[in-house]
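K.L.:
generate coordinates for the sequence data below:
(chains A and B)
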Amino acid sequence: MLSKILLHKRIKQLTSKICIRQHSAKENDKKPALPKPAKKPIDPRRVFKIYRFPGILCKEEPKLQSYELDVSKCGPMLLDALIKLKDMDPTLTFRRSCREGICGSCAMNLQGHNCLACITQIPAQKTITIYPLPHMYVIRDLVVDMTHFFEGYKSIRPYLIRKNERPLGQVQYAQSLDDSLKLVGLYECVLCSCCSTACPSYWWNGRRFLGPATLLQAYRWIIDSRDEDTEQRLKDLRDDFKAFRCHTIMNCTLACPKGLHPGMFIAKLKRLISGIDKKPPPEMDTLKYASGAGLDGCAKKC
Amino acid sequence: MTINNMFYLPSNSRLIGLTIIRRFCDYRSSPMQIYGNMMKVPLLASKTVAGEILRHKHQVTYKPYVKPYYRDHDSKNMTLKRPMSPHLTIYAPTVPAMTSITQRITGTITTVYALLLAGGTLFLSNGIESYVSAIQSLDLSRPSIFVIKFILGAPFAYHYFCGIRYCAWNAGKWLAMKDVYATAYKSVVLAAIVALFFAIL
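P.N.:
Numbers count the residues shown, from 1 in each chain, chains lettered A, B, ... in the order given. Sure thing, here's the model as predicted:
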């Protein structure tokens, strides 16, 4: 019971340090809200302007197509509206999967900002403009080629690396509570690429610059106390393009649909790469519970 | 390390191959033009009768795993003639992004100032003072001089105060979003004040 209270307290302490993105300083106003004049409720019949490109086999130029939709007849999220539009026009193409903001498939550009369609409400505006993710090659309509994004992600070796590799599943690697709380705000990334495609630096240098999503994950593996390949990971990022094309434009944090803060963690990553900061050693022995019994040992006791 | 020579390995070496790939993550294979099933791969197990390759309708054939040839992203997409999705023209301007680009623009302007001053002192035969007196002889009115001095001094002032934000970010400070916005507004206000001061001087 006591440990639960301490855990709760610690989580509160650490999450208050984690910066939850806010769109503007105005949201911080502590003054009591003045009575606002009653706004006219917006007409549910909206106009959706969607970027259409029928594919390379049709010799047509990309264009914006307008659809009229009554949003009171569909769910509140943008994905619901898109599915309803697909009922009307089956040729409309977009990626979607989980409908709950965990897969990252439905990333697109809404009213000029990147978002996940399944967790973004239909904005209270008459005209809703939807584009695919910026500066990506368009395969069809809102579907873009994400190959270089994933290649960059794979290149940072997003898995645990130990000096003495043991077969997977044999041993659990222990981690103190504080060390595991360091990963809060890093592991939740769904690799939707909203942040990377919002970054102008990634637009201009997308092939060599890794982008905020990948750099966030690189930082996640570097500061994981169980990982032992920190030196090599930092050395890999030590060139002019992989990490240091970031100019702290901060568009990434504004775009993240999960509320993560890539900008801050990339600044910390840059300090680690340049050697100004050092990764602290793990707070507890990683192999404390590595008796070597593994899963077989557990099964025998039961 | 390439995986060219791993095409015909028996299956128990695949683990070694996987760990090597894992270490080096190199995707180069022989440059075969691959467009999915348009490419014909010679079959390993097939019956040959009088020199002809006969394939039974339901015969199972095993082919070694050929990693798809990884083409450079841009060359692949440009050959396919896929359009680039719009970026600058459609992305909504945000305060941090706009402050960042004006920092870059004011940086180039102040660099041009510095280069002009340096180049002028080096190469002008009459010296910079002659140009200053030429401008003075234009006899512009007081308000227009004020405006011109404000316009010329504002880039330097803005770049200076925005630059402090960048130094703070490198030090790990003011990285929270509300701090980013607050310091952006403060630096614009301070830059305006200092530019006014330059204009009054």
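K.L.:
how about the contacts made by the residue in chain B that chain A sits nearest to?
P.N.:
Nearest residue of chain B to chain A (CB to the nearest CB) works out as residue B:92 at 2.8 Å. Using the backbone N, CA and C atoms, a C-beta is placed for each residue, glycine as well. By CB atoms under 8 Å, 6 or more residues apart in numbering or on different chains, the residues touching residue B:92 are A:111-113.
K.L.:
near chain B, from those residues?
P.N.:
Contacts with chain B are made by A:111-113 out of the contacts of residue B:92, judged by CB under 8 Å from any CB of the partner chain.
K.L.:
and which of these is nearest residue A:281?
P.N.:
Nearest to residue A:281 among the ones next to chain B among the contacts of residue B:92 is residue A:113, at 40.7 Å by CB to CB.
K.L.:
okay but the closest one is in contact with residue A:251, surely?
P.N.:
No. Using CB atoms under 8 Å, residue A:113 makes no contact with residue A:251, being 9.3 Å away.
K.L.:
what's the overlap in contacts for these two?
P.N.:
Counting by CB under 8 Å, 6+ apart, the shared contacts of residue A:113 and residue A:251 are residue A:198.
K.L.:
of the two, who's got more company?
P.N.:
residue A:251 (28 against 18; other CB atoms under 10 Å in any protein chain shown).
K.L.:
for that one, give its distance to chain B.
P.N.:
The gap separating residue A:251 from chain B is 5 Å, by CB to the nearest CB, to the nearest Å.
K.L.:
so who does the closest residue to that residue other than its chain neighbours touch?
P.N.:
Nearest residue to residue A:251, sequence neighbours excluded (CB to CB, 6 or more residues apart in numbering or on different chains): residue A:198, at 4.4 Å. By CB under 8 Å, 6+ apart, the contact set of residue A:198 is A:113-114, A:134, A:251-252, A:254-255, B:91.
K.L.:
any idea of the pLDDT on residue A:198?
P.N.:
We have a pLDDT of 97 for residue A:198.
K.L.:
where does chain B come near chain A, residue by residue?
P.N.:
So chain B meets chain A at B:22, B:25, B:27, B:70, B:72-74, B:76-77, B:80-88, B:90-92, B:94-97, B:100-101, B:104, B:166, B:169-170, B:172, B:175-178, B:180-182, B:185 (CB under 8 Å from any CB).
K.L.:
looking at the contacts of residue B:92, which are in strands?
P.N.:
Of these, the ones assigned to strands by DSSP state E are residue A:113.
K.L.:
residue A:66 pairs with what?
P.N.:
Beta bridges link residue A:66 to residue A:49 when assigned by DSSP bridges.
K.L.:
do the same with the one 4 residues further on
P.N.:
Here residue A:70 shows beta-bridge partners residue A:45, assigned using DSSP bridges.
K.L.:
which residue does the stretch 1-150 of chain A have closest to chain B?
P.N.:
Using CB to the nearest CB, residue A:112 is the residue of the stretch 1-150 of chain A that sits closest to chain B, at 2.8 Å.
K.L.:
sorry, back to before: buried only: go through the residues of chain B next to chain A for me.
P.N.:
Among the residues of chain B next to chain A, those classed as buried by 16 or more other CB atoms under 10 Å in any protein chain shown are B:27, B:73, B:76-77, B:82, B:84-87, B:90-91, B:94-97, B:100, B:169, B:175-178, B:180-181.
K.L.:
now the strands for chain B?
P.N.:
Counting by DSSP E, the strands of chain B are B:47-49, B:52-54.
K.L.:
I figured residue B:96 hits residue B:184, correct?
P.N.:
Yes. The pair residue B:96 / residue B:184 is scored as a contact, 6.8 Å apart, by CB under 8 Å.
K.L.:
name the residues contacting each of the two.
P.N.:
The contact sets of residue B:96 and residue B:184 do not overlap (CB under 8 Å, 6+ apart).
K.L.:
who's the residue nearest to residue A:51 when sequence neighbours are not counted bridged to?
P.N.:
Nearest non-adjacent residue to residue A:51, counting by CB to CB, 6+ apart: residue A:131, 4.7 Å away. Bridge pairing for residue A:131 (DSSP bridges) gives the partners residue A:109.
K.L.:
and residue A:131, what does it touch?
P.N.:
Contacts for residue A:131 (CB under 8 Å, 6+ apart) come out as A:51, A:108-109, A:142, B:85-86, B:90.
K.L.:
which SSE is residue A:47 in?
P.N.:
Assessed by DSSP states H and E, residue A:47 sits inside strand A:45-52.
K.L.:
list the contacts of that strand.
P.N.:
Here strand A:45-52 has contacts from A:62-71, A:81, A:85, A:92, A:122, A:125-132, A:138, A:141-142, B:85-86, using CB under 8 Å, 6+ apart.
K.L.:
any idea which of the strands of chain B scores lowest on pLDDT?
P.N.:
Lowest mean pLDDT within the strands of chain B: strand B:47-49, a mean of 52.
K.L.:
which stretches of chain B have low pLDDT?
P.N.:
Within chain B, the stretches with pLDDT under 70 are B:1-55.
K.L.:
just the helices in it please.
P.N.:
Per DSSP state H, chain B carries helices over the ranges B:14-24, B:73-79, B:95-123, B:128-137, B:142-170, B:177-200.
K.L.:
residue A:189 is nearest to which of the ones you listed?
P.N.:
Evaluated with CB to CB, those place helix B:177-200 nearest to residue A:189, the distance being 17.1 Å.
K.L.:
wouldn't residue A:91 be in contact with residue A:55 here?
P.N.:
No. Using CB under 8 Å, residue A:91 makes no contact with residue A:55, being 9.9 Å away.
K.L.:
who has more neighbours, the two?
P.N.:
With neighbours defined as other CB under 10 Å, residue A:91 and residue A:55 compare such that residue A:55 has more, 14 against 11.
K.L.:
is it true that the more buried one touches residue A:138?
P.N.:
No. Assessed by CB under 8 Å, residue A:55 is found out of contact with residue A:138, at 9.0 Å.
K.L.:
rewinding a little: please indicate which of the contacts of strand A:45-52 are buried?
P.N.:
Using 16+ other CB under 10 Å as the burial test, the contacts of strand A:45-52 include A:62, A:67, A:69, A:71, A:81, A:85, A:92, A:122, A:128-132, A:138, A:141-142, B:85-86 as buried.
K.L.:
quick one: end-to-end distance for stretch A:104-113.
P.N.:
End-to-end distance for stretch A:104-113: 15 Å, by CA to CA, to the nearest Å.
K.L.:
buried stuff in that stretch?
P.N.:
For stretch A:104-113, the buried set under the neighbour-count rule, 16+ other CB under 10 Å, comprises A:104-110, A:113.
K.L.:
what mean pLDDT does that stretch have?
P.N.:
On average, the pLDDT along stretch A:104-113 is 96.
K.L.:
residues contacting it, please?
P.N.:
A:78-79, A:94-98, A:114-118, A:120, A:123, A:125, A:128-134, A:142, A:190-194, A:197-198, A:254-255, A:257, B:85, B:90-92.
K.L.:
what sits against residue A:223?
P.N.:
Here residue A:223 is in contact with A:182-183, A:186, A:272, A:279 (CB under 8 Å, 6+ apart).
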